[in-house]
Structures are given as structure tokens and as C-alpha cells.
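let me see the structure of the following:
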Amino acid sequence: MQAKKETLNLLASKKFPYYSEMYQVIDFLNKLLKDQGFILGLVKNKETKELQINIYEI
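Residues are numbered from 1 along each chain as shown. As a prediction, this is how the structure comes out:
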């Protein structure tokens, strides 16, 4: 039996200045929006310290 494989389609991406609590915002939104078919990702650029938020449709 194969598990259902979710595919992620990137809808939008935006960079922001570093904010230490942003992961809590992303966690909150992921819990809220997963049932509607959306997932958010957070990436930190090690050199510039910028944060990038990616929004995916699953």
C-alpha cells in the first residue's frame, strides 16, 4: 500500500528583514491554513539574515 504523496505548488515568495519571532507566525498560519490546502515555509539567508516566506498550495 502506497502512502498518498502531497505535491507542493509554490504560489508566492517574499523576503523580509530578520524577525526572531517569525517562526511563531508561520507555525500559527500553518495550523490555521493546512485544512484549506496551504502551507507556508520559512527560509533564513545565513549571510544577509533575511527571511523568505514561501506559500505553497498542497
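
now do stretch 50-58: everything it contacts.
The set of residues external to stretch 50-58 that reach it, using Cβ atoms under 8 Å, 6 or more residues apart in numbering, is 6-19, 22, 26, 34, 37-45. For glycine as for every other residue, the C-beta is placed from the backbone atoms N, C-alpha and C.

same thing but 6 Å
Residues from elsewhere that reach stretch 50-58 (Cβ atoms under 6 Å, 6 or more residues apart in numbering): 6, 8-16, 18, 22, 37, 39-44.

which of those count as buried?
Among the contacts of stretch 50-58, those buried by neighbour count (16 or more other Cβ atoms under 10 Å) are 39-40.

please determine how far residue 39 is located from residue 49.
Counting by Cβ to Cβ, to the nearest Å, the separation of residue 39 from residue 49 is 24 Å.

equivalent analysis for residue 56, please.
Residue 56 is 23 Å from residue 49, by Cβ to Cβ.

out of the two, which sits in the more crowded spot?
Using other Cβ atoms under 10 Å as the criterion, residue 56 and residue 49 rank with residue 56 on top: 17 against 9.
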